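Undergrad: Have a look at this prediction, sequence included:
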Amino acid sequence: MVYKALTIAGSDSGGGAGIQADLKTFHQLHVFGMSAITAVTAQNTLGVQGVYPLPLEAIEKQMDSVAVDLPPDAVKTGMLFNEEIIELVARKIKQYGWVRVVVDPVMIAKGGAPLLKEEAIEAFKRHMLPLAYVLTPNIPEAEVLTNMRIETLEDRKEAAKKLHDMGVRHVVMKGGHGEGNELVDILYDGEQFYEWKSKRIDTKHTHGTGCTFAAAITAQLAKGKTIYEAVDVAKRFIHAAVEQTLQIGSGHGPTNHWAFHESEKCSHH
Ligand SMILES: Nc1ncnc2c1ncn2[C@@H]1O[C@H](COP(=O)(O)OP(=O)(O)O)[C@@H](O)[C@H]1O
Ligand SMILES: Cc1ncc(COP(=O)(O)O)c(N)n1
């Protein structure tokens with residue numbers, strides 16, 4: 001059986017985040033990767049040098065081409081940039097009845113460049129949250145989406161509940177932006193909280209962590225795994241990718257997309 005996943009996201013010329021991170025991650029997890037590019041970014045480990053959204057027609061055609069011939073088993077969205085793209089992508093997801101949809105609320109690149117326009121945040125909330133089988137905010141993104149300050153673990157749980165009330169089926173809040181040596185990612189399914197704790201690795205090479213993590217969840221969902229199993233593999237995937245960093249570029253380098261596969265060779269996920 002060949003499982004297929006589609007990523008609807010921005011291109012990162014530097015290869016560490018966006019479409020490139022998603023496809024590399026799908027591939028490492030043995031899922032056939034497909035893409036609909038929303039915007040092209042000129043980007044490297046030092047920052048974002050240019051953002052070029054694609055015409056709506058080009059985005060729509062890519063989604064149509066994939067949908068009619070290569071129906072995906074799971075879908076991921078990343079950089080959506082503006083209100084028009086958000087509305088289009090939401091409309092097409094509904095049109096094709098895609099259910100296993102992982103929405104990564106990409107807002108700003110590590111260096112501060114906006115990947116979602118501020119005036120598009122309301123549209124994002126309105127159109128994308130109800131379509132999210134899984135939403136994967138980091139802490140600052142969860143703060144923007146819920147209009148609340150998140151400091152304690154209790155705050156994170158309260159924000160997760162709010163996001164669930166806003167239409168998200170499963171909230172996976174990432175703890176990379178928290179404090180301390182221990183890092184906690186949480187999952188809320190509307191009833192229960194689950195936690196994944198790990199050691200915070202001391203590195204500046206975290207470009208693309210969010211994309212890679214959400215792509216790993218998407219790949220596992222494409223294979224029919226439960227959300228819990230999917231987050232479990234994604235957590236191990238990103239931990240290996242951050243731990244065995246590649247040391248390329250002179251800024252915030254990418255994660256190592258092949259580290260997980262190398263460390264778990266011969267096992268089937
Ligand atoms: N320094 C780190 N050491 C280990 N895991 C990390 C580190 N930074 C991020 N992660 C993991 O990478 C994923 C993305 O984290 P986060 O930084 O919160 O999101 P984003 O990359 O979207 O800002 C999470 O699963 C988080 O636990
Ligand atoms: C095209 C594109 N999409 C997303 C990100 C966010 O990356 P991160 O995973 O580090 O939050 C990025 N830098 N570029």
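TA: Done, it's in. Ligands and ions are numbered 1, 2, ... in the order given.

Undergrad: helix or strand for whatever residue of the stretch 51-200 of the chain ends up closest to ligand 1, which one?
TA: Sorted by distance to ligand 1 under Cβ to the nearest ligand atom, the residues of the stretch 51-200 of the chain start with G176, at 2.1 Å. For the C-beta atoms, the positions are set from N, CA and C on the backbone; glycine is no exception. Under DSSP states H and E, no helix or strand contains G176.

Undergrad: Contacts only, for it.
TA: Taking Cβ atoms under 8 Å, 6 or more residues apart in numbering as the definition of contact, the neighbours of G176 are 138-139, 183, 206, 209-210.

Undergrad: most surrounded residue in the residues you listed?
TA: Sorting the contacts of G176 by how many neighbours each has (other Cβ atoms under 10 Å) puts G210 first, at 24 neighbours.

Undergrad: Assumed that residue was part of a helix.
TA: Yes - with the criterion set as DSSP: H, G, I helix; E, B strand; the rest coil, the secondary structure at G210 is a helix.

Undergrad: That one and K174 touch, don't they?
TA: Yes - because the distance of 6.7 Å satisfies Cβ atoms under 8 Å, G210 is recorded as touching K174.

Undergrad: distance of the closest residue to G111 other than its chain neighbours from G78?
TA: Spatial nearest neighbour of G111, excluding adjacent residues (Cβ to Cβ, 6 or more residues apart in numbering): G47 at 3.8 Å. Applying Cβ to Cβ, to the nearest Å, one obtains 18 Å for the distance of G47 from G78.

Undergrad: repeat for L6
TA: Relative to G78, L6 is positioned 11 Å away (Cβ to Cβ).

Undergrad: Also G180?
TA: If you measure G180 against G78 using Cβ to Cβ, the figure is 28 Å.

Undergrad: between G47 and G78, who's got more neighbours?
TA: Applying other Cβ under 10 Å to G47 and G78 shows that G78 carries more neighbours, namely 28 against 16.

Undergrad: Now that one: closest residue in space that isn't a chain neighbour?
TA: For G78, ignoring the flanking residues on the chain, the nearest one in space by Cβ to Cβ, 6+ apart is A9 at 2.9 Å.
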